[in-house]
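> next comes the sequence, and after it the predicted model I'd like to discuss.
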Amino acid sequence: MFQVIGGRSVQAARLLAPRSAVLVEAVRGRKSRNDPVAKSKEGRIKTPPPVDPVEMVVLKERYSEYQLIMRALRLEFKEEVLRKRYEEETGSRAEERARQEAEEHQALMAWNDQENLRLLKLRVLRVQQEAEEAQRKKMEVIMQREQQQQELLKEKEKEILQLQEDIKNFITLENLDQRIEEALDNPKNYNFAIDKEGRVVKQTLLQ
Amino acid sequence: MVHLSSLLLKKYHGGYVVLRLALAGHKQANRPFYRIVAAYNKRARDGKYIEQLGSYDPLPNIYNEKLVSFNFDRIKYWIGCGAHPSKPVAKLLGLAGFFPLHPMTITEAERRRAQTQRTETATGTEETVEEGQKPVEV
């Protein structure tokens, strides 16, 4: 019988000082089937509003006229809508429009092909250049590696020459005796100090 | 009930299109504003509509005018597709001149005129009765 409400429908008429905790509004048709008639409405007989026969005749006449005109209008508008639709699809301008569209389409496709050709050429050039670059770089790398190998060889040769020169000062079995005697004959004294510039500090030279 | 929906209209749950007034926006209490709208029959009054075809402001403005707007081109299209106008929309269009004047508008006007005439004659007789009484008193 009562409808519990909340939110938007709170704007509807509120019962003053609602006793229930929930807000309740008056809704049309709030009495259900089994609810008894209200005391104030017990003997009530509902009558429709009285109809004036003269007015009714006039009204009927007016209504028939109105409906006639309305039907005619509706048919007119329907015809107009159909005609417009027909014109759209198979009218005189439709063919021109279709032709123009086809032309535009062809032109755009041609332009597209042109663009594709141009880009193709550019791409081919670019790819070629990149291939050349790659080739060049590879060659450079190879050259560098060869150079490095040659440098290594040179260093090795230098070392060999150095060694060959050092061989002269080596102590061999034949020189052994000679060298020992030389060393004993020339005693060397390393007990001296040195400053930062490498000069010997003479005072510390021990005898 | 005879559905006048024509074959031009796409079937939608077996309903038909109506031109009716829909209340626009619940933002203010006691300030209604209607949109004249083409909607399917079974949709809520303020629910999703197909197209808005005009507006109607029921409260008169400072110059005592009630403003109405119509998009006649689209209204013609929808009527041609078989839409039913509701009674208030038909009355408004009749007053605008697009449709013939609705019979109920004329009868309402006549009734109101008869009412005012009756009240005028009643006040007239009351005044004459008063005038008749006064000289008697005097």
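Received, thanks.

> please identify the helix or strand for the residue most central in space within chain B.
Residue closest to the average C-alpha location in chain B (C-alpha atoms, centre = their mean): B:Pro88, at 3.2 Å. Using DSSP states H and E, the element containing B:Pro88 is helix B:87-96.

> run the chain-centre distance for that helix.
Its chain's C-alpha centre and that of helix B:87-96 lie 5 Å apart, by C-alpha atoms, centre = their mean, to the nearest Å.

> tell me what the closest residue in space to the residue nearest to the centre of chain B that isn't next to it in sequence is bridged to.
Leaving aside its chain neighbours, B:Pro88 sits nearest to B:Leu21 (5.7 Å; criterion: C-beta to C-beta, 6 or more residues apart in numbering or on different chains). C-beta here means a position set from N, CA and C on the backbone, and glycine is covered the same way. Listed beta-bridge partners, B:Leu21: B:Ile36 (assigned using DSSP bridges).

> all helices of the chain, in order?
In the absence of a named chain, this looks at chain A. A:53-90, A:92-167, A:175-185 (DSSP state H).

> the chain in question should be chain B.
Under DSSP H, chain B gives helices at B:72-80, B:87-96, B:103-137.

> least reliable of the ones you listed going by mean pLDDT?
Note on these: helix B:103-137 shows the lowest mean pLDDT, a mean of 86.

> from the contact counts, what lies against that helix?
helix A:53-90, helix B:87-96 (3 or more C-beta pairs under 8 Å, 6 or more residues apart in numbering or on different chains; DSSP states H and E).

> ok, now with 6 Å
Packing partners of helix B:103-137 (3 or more C-beta pairs under 6 Å, 6 or more residues apart in numbering or on different chains; DSSP states H and E): helix A:53-90.

> how far off helix B:103-137 does the helix it packs on point, in degrees?
150 degrees (axes from the mean of the first three to the mean of the last three C-alpha atoms, to 10 degrees).

> run the chain-centre distance for helix A:53-90.
The answer for helix A:53-90 is 57 Å, by C-alpha atoms, centre = their mean.

> that one vs helix B:87-96, what angle?
80 degrees.

> hang on, the earlier thing: the residue nearest to B:Pro88 touches B:Tyr34, doesn't it?
Yes. If you go by C-beta atoms under 6 Å, B:Leu21 and B:Tyr34 touch, sitting 4.0 Å apart.
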